[in-house]
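J.: Build me a model:
(one chain, ligands or ions: 2)
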Amino acid sequence: MARLVEAINRNDRLYYVEARPVVSDADYDRMYEELLALEREYPQFKDPNSPTVRVSGAPIEGFAQVRHEPPMKSLDKCYEKGDLVQFDTFLRREMPAGSRWRYVVEPKVDGVSISLLYEGRRLVRAATRGNGEVGDDVTQNVRTIRSIPKTLPDDAPDALEVRGEVYMTRDGFVQLNESLDEAGRQTFMNPRNACAGSLKLLDPKIVAARPLDVVIYNAGGVGCDGFATHTEMIAAFKRWGFPVAPWSRLAETVDEAIAAIDELGESRHAFRFEIDGAVLKVDERALYGGLGATAHSPRWARAYKYAPERVETVLRGITVQVGRSGVLTPVAELEPVELAGSVISRATLHNADQIAEQDIRVGDHVWLVKAGDVIPAIDGVLVEKRAEGVKPYVFPSVCPACGERAERLEGEVAVRCVNPGCPAQLQRRLEHFAGRNALDIKALGGRVADLLVEKGLVKDPLDLFSLDFEALKSLDVGEAGAPRKFGRNALNMRDALEAARGLPLDRWLFAVGIPNVGATVARDIAAEHDRFSSLAGSSVLKNVIANDALKGKARKILPIKAEAAKSVLAFFESRYGEAFLARMHELGLDPRRAETPSVKTTGPLVGVGCVLTGTLSRPRSEYAKLIELAGGTVQSAVTSKTRYLIAGENVGAAKTEKARALGTEVIDERRLLELLGDVAPVGVEPPAPSPAQTPEDRKPVQATLF
Ligand code: AMP
Ligand code: ZN
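T.: Ligands and ions are numbered 1, 2, ... in the order given. Sure thing, here's the model as predicted:
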């Protein structure tokens, strides 16, 4: 068991910190399963630090208090470069005569400060800063953060405390908010709040699914003596497996340090964590003692805060949008202002609570920020500027689109329109259905989806498949006063829908728009099912719910999956879901799981590279799929590794010449179908051979193919 714990921890580190895994996922899963089994059989030998604790920890009752020794201090902050020069002057005065030092410049990570304590080279405690003297014991939650080493190598001190910052990645924050939003739950204002909120969760299983990471940048109370410089100490932390700041600079003078701060300022939006400033530290640790600290902060460091990207503007109005699940989302309509490089006139207000909490009123002067550097959000009201007579905002109690009652469902923050026939919901669902990660029907963009619903032509996304496309050509899709015919785009839409029939299960599952089923979840679920119809009442999904986190492929099971599995099953059990499936059946639709070309080792085109060009009689994507089914790969351009160039109509001679020069055979559709052998589907009619083809290309096609 000890060996397994060690091996799993080592592999976690290789995978999550160093990003160079040395064992396959399958081997990792086997080790994990074996350890789980042993722990179940011999609970008395279970290591409290076992990696299995990460996902199986029982909910926490509350947080114990931890006293920090020495206290976890904050940093003195400044907002002007001149203050850094003064800081340098101050140090020169305070330091013993003849002292020499350099500065280290580090990013100021905007997260939650954390202390990690190791005893016997094992993580025994993690605590938040709290008030600096006393913080919360969040060990269970912090254990779920994969990049934090749970054990340390032999050359690390037996007892060690390090300090740093836990953060939520910016991408992860955006995704988390999207899925919370989708599930009708409260979203977070920014990555820091999301991080703090995650660490305070009582269920470590949920924390495990949160995109948290850490940067270690400070010494703790034990095990950190004996380093001459901060730089050396950080290098040792890194060696022992701690994630450290991916960027830092050594500077000989304060001017050099300021230049480094500017350099960091330029690139700060490119980091995976939010950076709200730079920290200037004296590198020579021997000088720290003489300088000492104030009650608030050490004297050997200073934080420089970048100018906050926050602007004042006026809230002109609040519009309420209806999402595809009926959630009403308030949106701030703002006096346009520039913020962090773009002009912003709208910002999300999340939900009714958020507006009430901040007491945001139409007509108010408000602060605008970018949460997670991307999403414009309102960050407070300038109450002193509020005009007289400005009334508190009242959230609508009816749907602005259909006028039906809007309700707040039990346990949800969101207010929803509960009308299943709400046109706004249908429009959003159509848009989602046609989206790039769904069925990718570009012609349905812009006003078209709205129009189809308005005109009563579409009452359900599947109605798209029985539209009269000829008639649609004359649909006016222009703006008021500027009529424009849908025209040729109607046929593009028809073609895209035809192509959509051949799209794999994951795309369809995502397109349906089931709550909690984003594109990634859809892919995971699809990988375990043959076809769309097998999702209804799926035992795989039932098992996911039953097993939740404990069993199975530990690395892959996320708490959201149980939720997602429930949602999918609920969808197919619902009256709508049943009708949807029946309708799919009528339309001859039962999308299948995507074939993964890399695992194909049999088939008539194994290892054969193909390029499709020119006008073909069926969509290229369809041929691509067939080629992959036959074991071949589809390339985007002819290279020396291309065996066949499948040329449709209108292919220039230059292109075929070039291909031939590279040793590629130029063939037509008919020949391709021949090559596909059994893989060519019944009913695929190749076009009649065109006269331009060589006799060799006109070989008779085997009857069995068709
Ligand atoms: P503030 O939270 O704004 O009072 O700033 C002080 C905090 O910045 C410290 O307590 C640390 O949690 C945090 N911090 C972030 N990055 C660093 C860093 N590189 N070095 C020291 N402290 C940092
Ligand atoms: Zn409605």
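J.: Tell me how far the nearest residue to E274 once chain neighbours are set aside lies from G588.
T.: Distances taken as C-beta to C-beta, 6 or more residues apart in numbering place D110 nearest to E274, at 4.2 Å, with adjacent residues excluded. Backbone N, C-alpha and C define where each C-beta goes, glycine included. Going from D110 to G588 by C-beta to C-beta, to the nearest Å gives 53 Å.
J.: ditto for F469
T.: For F469 relative to G588 (C-beta to C-beta), the value is 18 Å.
J.: Now the residue most central in space within the chain: which helix or strand?
T.: Centroid-nearest residue in the chain, with C-alpha atoms, centre = their mean: Q175, separated by 4.1 Å. Assessed by DSSP states H and E, Q175 sits inside helix 170-182.
J.: could you pull out the strands for the stretch 501-650 of the chain?
T.: In the stretch 501-650 of the chain, the strands defined using DSSP state E, counting those that start in this stretch lie at 609-613, 633-635, 642-647.
J.: any chance of those in CSV, plus mean neighbour count, mean pLDDT and distance to ligand 2?
T.: Shown next, in CSV, are those (neighbours: other C-beta atoms under 10 Å; pLDDT from 0 to 100; distance: least, C-beta to the ion, whole Å):
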stretch, mean neighbour count, mean pLDDT, distance to ligand 2
strand 609-613, 20, 88, 44
strand 633-635, 17, 81, 44
strand 642-647, 22, 90, 49
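J.: closest to ligand 1 out of those?
T.: strand 633-635 (46.2 Å; C-beta to the nearest ligand atom).
J.: wait, what's in contact with V540?
T.: Residues in contact with V540 (C-beta atoms under 8 Å, 6 or more residues apart in numbering) are E528, H529.
J.: Quick check: residues of the protein near ligand 2?
T.: Applying C-beta under 5 Å from the ion, we find that the chain lies next to ligand 2 at C399, A401, C402, C417, N419, C422.
J.: Show me just the buried residues among these.
T.: Neighbour-count burial (16 or more other C-beta atoms under 10 Å) is assigned, among these, to C399, A401, C402, C417, N419, C422.
J.: nearest residue to the first one other than its sequence neighbours?
T.: Spelled out, that is C399. C399 sits nearest to C417 (C-beta to C-beta, 6+ apart), 3.5 Å away.
J.: Please list all residues in contact with I545.
T.: I545 neighbours (C-beta under 8 Å, 6+ apart): A562, A565, K566, L569.
J.: Most neighbours of all those residues, which one?
T.: A565 (23 neighbours; other C-beta atoms under 10 Å).
J.: got the contact list for that residue?
T.: I525, L541, K542, V544, I545.
J.: same question, Q427
T.: A449, D450, V453.
J.: go again using 10 Å as the cut-off
T.: Taking C-beta atoms under 10 Å, 6 or more residues apart in numbering, we find Q427 in contact with V322, R324, A401, A449, D450, L451, L452, V453, E454, V458.
J.: do the same with S50
T.: Applying C-beta under 10 Å, 6+ apart, we find S50 in contact with 1-2, 4-5, 8-9, 35-36, 38-39, 56, 143, 150.
J.: Same question for E665.
T.: So E665 contacts T642, R643, Y644, L645, I646, A659, R671, D697 (C-beta under 10 Å, 6+ apart).
J.: is whichever residue of the chain sits closest to ligand 1 in a bridge, and if so with what?
T.: Ligand 1 sits closest to S113 of the chain, with a gap of 3.3 Å, by C-beta to the nearest ligand atom. Beta-bridge pairing for S113 (DSSP bridges): E165.
J.: List the buried residues for stretch 227-246?
T.: In stretch 227-246, counting by 16+ other C-beta under 10 Å, buried: 227, 229-231, 233-234, 236-237, 240-245.
J.: Quick one: list the elements packing against the single longest helix found in the chain.
T.: In the chain, taking DSSP state H as the definition, the longest helix is helix 25-41. Under the contact criterion of 3 or more C-beta pairs under 10 Å, 6 or more residues apart in numbering; DSSP states H and E, the helices and strands touching helix 25-41 comprise helix 2-12, helix 53-56.
J.: Need the winner for burial among those.
T.: helix 53-56 (a mean of 21; mean count of other C-beta atoms under 10 Å).
J.: I'd like the next helix or strand past that helix.
T.: strand 65-67.
J.: ok, and what's touching that next one?
T.: Under C-beta under 10 Å, 6+ apart, the answer for strand 65-67 is 115, 117, 125-128, 130, 133-139.
J.: mind redoing it with 8 Å?
T.: S115, R125, A127, G130, E133, V134, G135, D136, D137.
J.: Closest one of those to ligand 2?
T.: Top of the list for closeness to ligand 2, among the contacts of strand 65-67 and by C-beta to the ion, is D136 at 42.8 Å.
J.: Just to be sure, that closest one is in a strand?
T.: Yes: assigned with DSSP: H, G, I helix; E, B strand; the rest coil, D136 falls within a strand.
J.: Can you check the pLDDT for it?
T.: Predicted confidence (pLDDT) for D136: 91.
J.: now do I560
T.: For I560, the pLDDT comes out at 47.
J.: With E18 instead?
T.: E18 is assigned a predicted lDDT (pLDDT) of 64.
J.: Would you mark the buried spots in stretch 286-301?
T.: Here stretch 286-301 shows L287, Y288, S297, P298, R299, W300, A301 as buried, counting by 16+ other C-beta under 10 Å.
J.: And the average pLDDT for it is what?
T.: Stretch 286-301 comes out at a mean pLDDT of 89.
J.: Any idea how far it is from the middle of the chain?
T.: For stretch 286-301, the separation from the chain centroid amounts to 40 Å (computed by C-alpha atoms, centre = their mean, to the nearest Å).
J.: cool, stretch 651-663 as well?
T.: Distance of stretch 651-663 from the chain centroid (C-alpha atoms, centre = their mean) equals 42 Å.
J.: How about stretch 575-591?
T.: 30 Å.
J.: buried ones in it?
T.: Those would be G577, F580, L581, R583, M584, L589, D590, P591, for stretch 575-591 by 16+ other C-beta under 10 Å.
J.: Strands of the stretch 101-250 of the chain, residue ranges please.
T.: Using DSSP E, counting those that start in this stretch, strands in the stretch 101-250 of the chain cover 103-109, 112-119, 122-128, 134-136, 159-168, 212-219, 249-251.
J.: care to break the protein down by domain?
T.: Annotated domains of the chain cover 2-53, 77-305, 311-385, 423-500, 505-586, 597-706 [automatic domain parsing].
J.: Just give me the lowest mean pLDDT stretch among those domains.
T.: Per-stretch mean pLDDT for the domains of the chain is lowest at domain 597-706 (a mean of 71).
J.: any idea which of the buried residues of stretch 286-301 is closest to ligand 2?
T.: Lowest distance from ligand 2 to the buried residues of stretch 286-301 (C-beta to the ion) belongs to S297, with 53.4 Å.
J.: and that closest one, what does it touch?
T.: K73, S74, L75, D76.
J.: can you pull out the helices in the stretch 401-550 of the chain?
T.: Taking DSSP state H, counting those that start in this stretch as the test, the helices found in the stretch 401-550 of the chain are 423-433, 448-454, 469-472, 488-501, 505-512, 519-527, 539-547.
J.: what does the third one contact?
T.: Pointing back at helix 469-472 there. By C-beta under 8 Å, 6+ apart, the surrounding residues in contact with helix 469-472 are L457, F486, A490, L491, M493, R494.
J.: Right, I'll leave it there.
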